[in-house]
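**Q** next input, structure requested:
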Amino acid sequence: MTDRDRAAGPRRRLRRLQRRLTLAYTLTTLVGVSVLSWLVIHTDGRSWRNAEFDEMLRHAAVSTSLIYYTDAGVQLDGLRDDESTRGRHQVFVLLSRTRIGTPAKGVADGAGKDTTGRTAAGRATDEVRTTGAVRPTGRARPAGPGGLDRVFTSGSRSVPVSDERIAALARTAMDEDVTVREEVPAGARTAYAVARPFYHDETQETTGAVVVIGDPGLRMAEHTRLTYAVLTGSGLLTLLAAFTGHLLSGRSLRPAWQALEAQERLLADAAHELRTPVAIMRSSMDVAGTDPSNLPTHLPRIRRATDRLTDVVENVLTRGRLQDSAASFSPVPLRLDQLVEDACGELPPGRLTLTLRLDESVVDADPALTRVAVRNLLDNALRHGRTPGDPHGGAEIDVSVRGHTVSVADRGPGVAAEELPELTERFRSRGGGSGIGLSLVREIAAAHGGTLTARPRPGGGAAFLLALGPAGQARHARAGTS
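**A** Okay, the predicted model is just below:
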């Protein structure tokens, strides 16, 4: 299995986790939106239903108030031109034949004939036509069982409620002396019905009932439009939630992605940097094994490889600290000049000309990271900054501290400012180096809110300047990058 295959496993798991988080966020939003939509639609439908029943109750109340009695019988003339009987609702007036003996004017007289001269048998067979918007009939029509005659009808029969059902509603309202409101079957649909009893003016006895039939479909059109709007909005909101959930899950997993990338970079650094010193040590031991008498000549080479291996391990661990959480970064007030002086004192003896110009300086920095950065600059100067033409390979290094800046200058081949970005990339070295030193210095400077720059040195060579941020800025810089 290759390194790429091993790295693909965690990446696949992270992508799978992101999809699951997106799905969970979407489903949660869908459930919440669905419940909210149901509440809105149900509440609005109930509101329209109650409004329809309230209007029908008002029509029934007005219609019963317009019915009155005289010596000639029940009078229905007030219903003819009233708005309550000319609207979209159907109004029926049913009169009891058994509870009151006084004939209704225009309905029937005591001889069994109505005002048009028809007999009761003729009335029973004479069909009542409902052609006008409001039409009180001059002939009573049986409306069903229980001795009820339908003496008034308004509107057309747009809602096919059976006569038996209308008579049953009227009988219930009269028997229980209450206003009845129900949903009744009307063919394949459902209609609203309200029945209200009315009374004789003198005896106060229940003599009939007014039944109002309404078609809910005429008024529920707005409710249907609201339903479509809510469902459409819920769908769009769910899609938006899915998109937002995908973005948020990706953002929440960003630290995991960064940690995975940091781990991969750390492993790559370790594998790349450890390969060379380990190969040197192994080759030296193999050669020494074939000729034990020459072992002393190979010990310095092995020691140098060991020192280099130690530096590589320290640099790799330092990079791991930088890529770790902010808890591993601990800036404190630090005497920068003293730290640089101590680092210069650890340089190996040899043909080295070292010049120190150290001003007293206090910075807010992590001591361990700052020491590694200064060591890497000094190591870079020793490795690449030897004086040209010196037969002994001596190096001339000038180190200075001014404020928050550490300068390390050498007499090597020099480096242009535009070449610095390339030199501070991982595994990029002009030869003989690990390729990680300057890139690590640049990362340490960035963690402290500072920079690493290079410029030509007068008289030849290059000067590298490590600028650390002022006190307090290191914490802000690290918080912004963690």
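**Q** packing partners of the host helix or strand of residue 257?
**A** Element membership for residue 257, per DSSP states H and E: helix 254-290. Applying 3 or more C-beta pairs under 8 Å, 6 or more residues apart in numbering; DSSP states H and E, we find helix 254-290 packed against helix 3-65, helix 295-323. All C-beta atoms are positioned from the backbone trio N, CA, C, and that covers glycine.
**Q** mind checking these for the one nearest to residue 205?
**A** helix 3-65 (14.3 Å; C-beta to C-beta).
**Q** okay, the angle between that closest one and helix 254-290?
**A** 170 degrees (axes from the mean of the first three to the mean of the last three C-alpha atoms, to 10 degrees).
**Q** let me see the mean pLDDT of helix 3-65.
**A** Averaged across helix 3-65, pLDDT comes to 86.
**Q** what packs against that helix?
**A** So helix 3-65, by 3+ C-beta pairs under 8 Å, 6+ apart, packs with strand 90-96, strand 180-186, strand 189-199, strand 206-214, helix 216-219, helix 221-252, helix 254-290.
**Q** in CSV, list the ones you listed along with distance to residue 348.
**A** CSV is the format used below for these (distance: least, C-beta to C-beta, whole Å):
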stretch, distance to residue 348
strand 90-96, 111
strand 180-186, 100
strand 189-199, 99
strand 206-214, 103
helix 216-219, 97
helix 221-252, 49
helix 254-290, 16
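**Q** save the ones you listed as JSON lines, and put in distance to residue 353 and mean pLDDT too.
**A** Shown next, in JSON lines, are the helices and strands packed on helix 3-65 (distance: least, C-beta to C-beta, whole Å; pLDDT from 0 to 100):
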{"stretch": "strand 90-96", "distance to residue 353": "115", "mean pLDDT": "92"}
{"stretch": "strand 180-186", "distance to residue 353": "106", "mean pLDDT": "91"}
{"stretch": "strand 189-199", "distance to residue 353": "105", "mean pLDDT": "92"}
{"stretch": "strand 206-214", "distance to residue 353": "108", "mean pLDDT": "93"}
{"stretch": "helix 216-219", "distance to residue 353": "101", "mean pLDDT": "75"}
{"stretch": "helix 221-252", "distance to residue 353": "54", "mean pLDDT": "89"}
{"stretch": "helix 254-290", "distance to residue 353": "28", "mean pLDDT": "72"}
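**Q** of all these, which one is nearest residue 367?
**A** helix 254-290 (21.9 Å).
**Q** quick check: angle from that closest one to helix 221-252?
**A** Using the same axes, to 10 degrees: helix 254-290 against helix 221-252 is 20 degrees.
**Q** so how many other residues sit close to the residue nearest to residue 365 when sequence neighbours are not counted?
**A** Once flanking residues are discounted, residue 365 sits nearest to residue 334: 4.9 Å by C-beta to C-beta, 6 or more residues apart in numbering. Other residues lying near residue 334 total 19 when counted by other C-beta atoms under 10 Å.
**Q** show me the contacts for residue 334.
**A** By C-beta atoms under 8 Å, 6 or more residues apart in numbering, the contact list for residue 334 reads 362-365, 367, 370.
**Q** and the buried ones among those, selectable in PyMOL?
**A** In PyMOL, this line selects whichever of the contacts of residue 334 come out buried by 16 or more other C-beta atoms under 10 Å:
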select buried, resi 363+364+365+370
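**Q** mind listing which of the contacts of residue 334 are in helices?
**A** 367, 370 (DSSP state H).
**Q** isn't there a strand covering residue 203?
**A** No: read with DSSP: H, G, I helix; E, B strand; the rest coil, residue 203 is coil and lies in no strand.
**Q** that one and residue 69: what is the separation?
**A** Separation of residue 203 from residue 69 (C-beta to C-beta, to the nearest Å): 9 Å.
**Q** the more surrounded of these two?
**A** residue 69 (19 against 12).
**Q** now do the phi/psi pair for the closest residue in space to residue 463 that isn't next to it in sequence.
**A** Spatial nearest neighbour of residue 463, excluding adjacent residues (C-beta to C-beta, 6+ apart): residue 409 at 3.9 Å. For residue 409, the backbone dihedrals (degrees, to the nearest 10) come out as phi -120, psi 150.
**Q** who does residue 409 bridge with?
**A** residue 398, residue 463 (DSSP bridges).
**Q** what's around it, how many residues?
**A** When neighbours are counted by other C-beta under 10 Å, residue 409 registers 24.
**Q** thought residue 456 was touching it, still the case?
**A** No: with contact defined as C-beta atoms under 8 Å, residue 409 does not count as touching residue 456 (9.9 Å).
**Q** need the overlap of contacts for those two.
**A** With C-beta under 8 Å, 6+ apart as the test, residue 409 and residue 456 both reach 462-463.
**Q** the residue nearest to residue 365 should be in a strand, yeah?
**A** Yes: counting by three-state DSSP, residue 334 is part of a strand.
**Q** and it, how far is that from residue 367?
**A** 6 Å.
**Q** could you do residue 43 as well?
**A** 67 Å.
**Q** same deal with residue 89?
**A** Residue 89 is 90 Å from residue 367, by C-beta to C-beta.
**Q** same check, this time on residue 18
**A** Counting by C-beta to C-beta, the gap from residue 18 to residue 367 is 39 Å.
**Q** got it, and residue 450?
**A** In terms of C-beta to C-beta, residue 450 sits 15 Å off from residue 367.
**Q** need the next SSE after the host helix or strand of residue 153, C-terminal direction.
**A** Element membership for residue 153, per DSSP H and E: strand 148-154. Reading on from strand 148-154 to the C-terminus, the next helix or strand found by DSSP H and E is helix 163-176.
**Q** now that following helix, how far from the centre of its chain.
**A** 56 Å (C-alpha atoms, centre = their mean, to the nearest Å).
**Q** that helix vs helix 3-65, what angle?
**A** If you take the same axes, to 10 degrees, helix 163-176 sits at 70 degrees to helix 3-65.
**Q** in helix 163-176, what counts as buried?
**A** Buried, per 16+ other C-beta under 10 Å, within helix 163-176: 165-171, 173-174.
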